[in-house]
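Participant: Provide a 3D model corresponding to the input given below.
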Amino acid sequence: MADATREAWITGIGIVSTLGEGPEAHWQKLMQAQPSADTTAFAPFVVHPLAPVNFDAQIPKKGDQRQMELWQRIGTYAAGLALDSAGVKGNTDILSHMDMIVAAGGGERDLTVDAAILSGMPRAANPAAFLNERLMSDLRPTLFLAQLSNLLAGNISIVHGVTGSSRTFMGEESSGVNAVRIALSRIQAGQSDIALVGGSHNGERPDLLMLYEFAGYGLRDAYSPVWERGSEGGFALGSLGAFLVIESREHAEARGAKPMARLSAVVADRARRKPGAVTASLENLWASVKAKIDPKRTAVLSGATGAAPATAEEREFFEKHRELAVRATGSYLGLGPEPQFAMNVALATVALGHGTLFPPCDVSGLELPMSGELSQVLVTGVGHWRGEGLALVERVD
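Facilitator: Numbers count the residues shown, from 1 in each chain. From the prediction side, this is the model:
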């Protein structure tokens, strides 16, 4: 059984997104309260493209970079930033027992091969034989039509030498919630001393935009903040990578590491999505942590996507808790389903380090200014289709 008295400290964060690289670049953009997005590159869809990144800084071998698609480079880069931040980069003694939990999607498709198959099949004398031949000869020998999800963990291990246990979770937003939840549970249970947790996402992909549009999820034509997207909703995909170094207090103190924040709780649910289910799920999760909350010093970083009806139901929950200042980071970052929760835990850590919350950016009336010192942040993660989660991140005095 997990020992809730065994503290878990966040001692390193590595983040990269459309806002830039690292904590201060993100904080400066958030304090400006002027979110932006690209409405032309993938028109009519709105996206949040990755800011310029020098991948050589964390992935020095060009050969390593060449065999990774962009989502892997983003993740491997962010993982390196987190290890640097925690002061364990290159420390083989620590890296050899560092556990790794990655939230990842199915990987990127080879669009050139896809296009060739789709254009060639209608003209083939035997379409089934043509398809089989192309799959056997044109695709990488992975027995999968896209890159395997666990390749990100593999590349982090190769490039950065993280060689403890490795787990990769799939399942969009829920995978990110549960990656952080399992890391905390293992540390509290004494099964792990230090873990690298996070994920990455490349939102600048025509195939993803097409797939999400089949369900009517894409934000089209013009940008607006998350809470202002109306009853039809919609999300703007974003390219982002986020990793956390989480370790037990004892392990951190033994190596002289200082805490950036304390991860006190992570809870998750998977409600049956019927009307009111998201609101009820969040109320149940809230009940498990509310005894620890001081509303006057607590804010919420919401992972709301903008998708209907989930975002509207998450808003209903917040309307019942107007004592909490709320911010939807998706207004700035876009949606990167798998790393979104880890990114928001990282941004919560950054805000706690500054002792304040960044300003509201929407005019819907939900996001209000916060006065007073910030000492706790609730992070919510509500999947656009399935899954709900909540984390409590606290300042360490």
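Participant: hey, where'd the helices end up in the stretch 201-350 of the chain?
Facilitator: Under the criterion DSSP state H, counting those that start in this stretch, the stretch 201-350 of the chain carries helices at the ranges 206-214, 249-254, 277-287, 310-319, 330-333, 340-354.
Participant: Also the stretch 1-150 of the chain?
Facilitator: Going by DSSP H, counting those that start in this stretch, the stretch 1-150 of the chain shows helices at 23-32, 62-66, 70-86, 92-95, 111-120, 127-138.
Participant: Reformat the ones you listed as TSV; add distance to Asn202, mean pLDDT and mean neighbour count.
Facilitator: Glycine gets a C-beta too; all of them are placed from N, C-alpha and C. Formatted as TSV, the helices of the stretch 1-150 of the chain follow (distance: least, C-beta to C-beta, whole Å; pLDDT from 0 to 100; neighbours: other C-beta atoms under 10 Å):
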stretch	distance to Asn202	mean pLDDT	mean neighbour count
helix 23-32	19	97	17
helix 62-66	14	94	12
helix 70-86	4	97	26
helix 92-95	26	98	15
helix 111-120	12	85	13
helix 127-138	21	87	12
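Participant: and Ser165, which of these is closest to it?
Facilitator: Nearest of the helices of the stretch 1-150 of the chain to Ser165, taken as C-beta to C-beta: helix 92-95 at 12.4 Å.
Participant: Just read off the phi/psi values of the closest residue to Ala307 other than its chain neighbours.
Facilitator: On the basis of C-beta to C-beta, 6 or more residues apart in numbering, the spatially nearest residue to Ala307 that is not a chain neighbour turns out to be His384, at 3.8 Å. When read as degrees, to the nearest 10, the backbone of His384 gives phi -60, psi -20.
Participant: Would you confirm that His384 contacts Leu335?
Facilitator: Yes. Here His384 lies in contact with Leu335, judged by C-beta atoms under 8 Å, at a distance of 7.3 Å.
Participant: Make TSV out of the helices of the stretch 201-350 of the chain and add mean pLDDT and mean neighbour count.
Facilitator: Compiled in TSV, the helices of the stretch 201-350 of the chain are given as follows (pLDDT from 0 to 100; neighbours: other C-beta atoms under 10 Å):
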stretch	mean pLDDT	mean neighbour count
helix 206-214	92	14
helix 249-254	98	16
helix 277-287	97	19
helix 310-319	97	20
helix 330-333	98	28
helix 340-354	98	27
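Participant: What separation do you get for Arg109 and Ala271?
Facilitator: 31 Å (C-beta to C-beta, to the nearest Å).
Participant: what is in contact with His384 and Leu335 at once?
Facilitator: Phe235, Thr305 (C-beta atoms under 8 Å, 6 or more residues apart in numbering).
Participant: Compare the two (neighbour count), which wins?
Facilitator: Regarding His384 and Leu335, a neighbour count based on other C-beta atoms under 10 Å identifies Leu335 as having more, with 28 against 23.
Participant: Let me know whether that one touches Gly203 as I believe.
Facilitator: Yes. Using C-beta under 8 Å, Leu335 makes contact with Gly203 at a distance of 7.2 Å.
Participant: So what's the model's average confidence on stretch 226-241?
Facilitator: When the per-residue pLDDT values of stretch 226-241 are averaged, the result is 94.
Participant: Can you give me the first-to-last residue distance of that stretch?
Facilitator: Across stretch 226-241, the straight-line distance between its terminal residues is 20 Å, by C-alpha to C-alpha, to the nearest Å.
Participant: and if you look at stretch 315-335?
Facilitator: 17 Å.
Participant: isn't Pro339 right up against Gly199?
Facilitator: Yes. Pro339 is in contact with Gly199 according to C-beta under 8 Å; the separation is 3.8 Å.
Participant: Give me the common contacts of the two.
Facilitator: In terms of C-beta under 8 Å, 6+ apart, Pro339 and Gly199 are both contacted by the residues Gly75, Ala103, Gly176, Gly241, Ala242.
Participant: so what's the second one up against?
Facilitator: Neighbouring residues of Ala103 by C-beta under 8 Å, 6+ apart: 168-170, 175-176, 178-179, 198-199, 338-339, 341-342.
Participant: And for the last one?
Facilitator: Applying C-beta under 8 Å, 6+ apart, one finds that Ala242 lies in contact with 13-17, 78, 198-200, 339-340, 342-343, 345-346.
Participant: Please list all residues in contact with the residue lying closest to it once chain neighbours are set aside.
Facilitator: Of all residues beyond its chain neighbours, the one nearest Ala242 is Met343 (3.7 Å), with distances taken as C-beta to C-beta, 6+ apart. Contacts for Met343 were tallied using C-beta under 8 Å, 6+ apart; they are Ile15, Ser17, Gly198, Leu240, Ala242, Thr329, Leu333, Gly336.
Participant: again with Arg273
Facilitator: By C-beta under 8 Å, 6+ apart, the residues touching Arg273 are Ala310, Trp385, Arg386.
Participant: Closest one to Gly234 out of those residues, please.
Facilitator: Ala310 (11.8 Å).
Participant: Phi, psi for Gly334 please.
Facilitator: Taking degrees, to the nearest 10 as the convention, Gly334 sits at phi 80, psi -170.
Participant: That one - nearest residue in space that isn't next to it in sequence?
Facilitator: Skipping the residues right next to it in sequence, Gly334 comes nearest to Gly238 by C-beta to C-beta, 6+ apart, at 2.4 Å.
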